[in-house]
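[1] Sequence and predicted structure, then a few things I'm wondering about:
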Amino acid sequence: MKFEASRAKAINKLNNFVENNLSDYSKLRNFDFGPDKRNNVSCLSPYITHGVINEVEIIKKSLDKYSFSKNEKFIQEVLWRTYWKGWLELRPNVWDDYLIDLKNIREKYKNDTNYQNAINGKTNIDCFNEWVSELKENNYLHNHTRMWFASIWIFTLDLPWQLGAEFFMHHLYDGDAASNTLGWRWVAGVQTQGKHYLASEWNIKKFTKDRFKNIKLNENAPPKISDKTYSIIKQNFINSENIEENSLLIFDNNLSFEFTDFKNKKFKKIYLISNRDRSIKLSEKVMKFKSLLINDQEHRLKEQSIDCEVIDINEIKNIDEKIIGLYPNVGENLDYLNTNNLNLNFLYRKLDQYSWQYCNKGFFNFKNYIPKIIATFS
Ligand SMILES: Cc1cc2nc3c(=O)[nH]c(=O)nc-3n(C[C@H](O)[C@H](O)[C@H](O)COP(=O)(O)OP(=O)(O)OC[C@H]3O[C@@H](n4cnc5c(N)ncnc54)[C@H](O)[C@@H]3O)c2cc1C
């Protein structure tokens, strides 16, 4: 598997998937045929996470090829990300609490043999060990495998979900505060309280086409329990006005300025922000991938004669002109701004402003609004 760090490669992947594999997506998407046979899913997440391509252009492309009803499953999956993001935006304390818990748990587990065996792929569960190698090598896992992996980590290896989520973030090219944290919480049973995801031998065997079998798992574990509940914090997500007098900051979640809602605005200068100052350290491969994607965006902006520069997040405080930011979402970049009292005005994507109003309840409720969202944006 290869993820090449450019928008051109991402668009090729999207076109190729829509042309050749989208038609069978709903039938085949749950199968993990192995890292060399990934045509049944799009493998676009490393690009979407970084805003190299966005949900609206993907959905439009798919609808150019097939009707909404034929495409429904794929569109739903693409909008899961938007939903998770909105869910976390309305409850940012979930992310803050996760990082606080992680700090304590990390300390407690740093010399734990069970934990060390898990992250080094030395458990007595062969499929799990293979997935650890695959994650480190390809920086990607199939969605169903992420579910099995997380479930085995939590319920068979009996490790805290917070450490598993950190392990994923460290290695995934698509590592994303919302999809990852909420994905792990969902498997553990604390996202939808009392409902967990239990991996089972027959399911892994079936959906890996017998690549893995005779796996001994704890298939009867109860869900994890959390006494924390989170109420919604109402926010407006309103864009500031007179934005053109400003220079613009772009973080690593919005790396295709030419395709944003703000592409026709004239900013004084664009700063592309790279960030190593994170609570969860990322692997050198992931940092390199991000840096190449940032350079690719810089190159495309310069081709359009837009004044731009890549700077480290620590240098924001030295900028002496007026600045505004494309909203970085709840996560490490926003944390940096908040902890350093950099109170910026933000610009929000129209898709997010519109969709997040439907993220107050569960995804099944959100799903009802998908046709409305599509009608608004396509
Ligand atoms: C424990 C766990 C951790 C996860 N961590 C991340 C993460 O850090 N970053 C991340 O992008 N996704 C994460 N996911 C969601 C999902 O596994 C990946 O988005 C998906 O596997 C990406 O592969 P793809 O692009 O081939 O997906 P496809 O099946 O081709 O789907 C198309 C797009 O839809 C979106 N999508 C699909 N499934 C989901 C989902 N369950 N949740 C949210 N969006 C989805 C993605 O943007 C994806 O690129 C996680 C899921 C679980 C269970």
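    The structure has been received and is ready for your questions. These numbers come from a predicted model, not from an experiment.
[2] contacts and neighbour counts: CA atoms only from here.
    Noted.
[3] In the stretch 51-200 of the chain, mark out all the helices, start to finish.
    55-65, 68-90, 93-109, 113-119, 126-138, 143-151, 161-171, 177-188 (DSSP state H, counting those that start in this stretch).
[4] Turn these into TSV, columns for mean pLDDT.
    Listed next are these as TSV, based on pLDDT from 0 to 100:
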stretch	mean pLDDT
helix 55-65	97
helix 68-90	97
helix 93-109	97
helix 113-119	98
helix 126-138	98
helix 143-151	98
helix 161-171	98
helix 177-188	98
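[5] what residues are up against residue 308?
    269-272, 298, 301-302 (C-alpha atoms under 8 Å, 6 or more residues apart in numbering).
[6] Just give me the neighbour total for the closest residue to the ligand within the stretch 201-350 of the chain.
    Nearest to the ligand, among the residues of the stretch 201-350 of the chain, is residue 253, at 11.2 Å (C-alpha to the nearest ligand atom). Using other C-alpha atoms under 10 Å, the number of residues around residue 253 comes to 19.
[7] Which residues are in contact with it?
    Counting by C-alpha under 8 Å, 6+ apart, residue 253 makes contact with 49-51, 328.
[8] which one of those residues is nearest the ligand?
    Set against the ligand, the nearest of the contacts of residue 253 by C-alpha to the nearest ligand atom is residue 49 (5.6 Å).
[9] hang on, the earlier thing: out of the helices of the stretch 51-200 of the chain, which gets nearest to residue 208?
    Across the helices of the stretch 51-200 of the chain, residue 208 has its closest neighbour in helix 143-151 (9.1 Å, C-alpha to C-alpha).
[10] So residue 144 is in contact with residue 28, correct?
    No. With contact defined as C-alpha atoms under 8 Å, residue 144 does not reach residue 28; the gap is 11.5 Å.
[11] can you put the helices of the stretch 51-200 of the chain in CSV and add mean neighbour count and distance to residue 43?
    CSV is the format used below for the helices of the stretch 51-200 of the chain (neighbours: other C-alpha atoms under 10 Å; distance: least, C-alpha to C-alpha, whole Å):
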stretch, mean neighbour count, distance to residue 43
helix 55-65, 17, 12
helix 68-90, 19, 12
helix 93-109, 15, 26
helix 113-119, 16, 24
helix 126-138, 18, 11
helix 143-151, 21, 10
helix 161-171, 22, 16
helix 177-188, 23, 15
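[12] export the ones you listed to CSV and tack on distance to the ligand?
    Written out in CSV, the entries for the helices of the stretch 51-200 of the chain read as follows (distance: least, C-alpha to the nearest ligand atom, whole Å):
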stretch, distance to the ligand
helix 55-65, 8
helix 68-90, 3
helix 93-109, 13
helix 113-119, 15
helix 126-138, 12
helix 143-151, 3
helix 161-171, 6
helix 177-188, 3
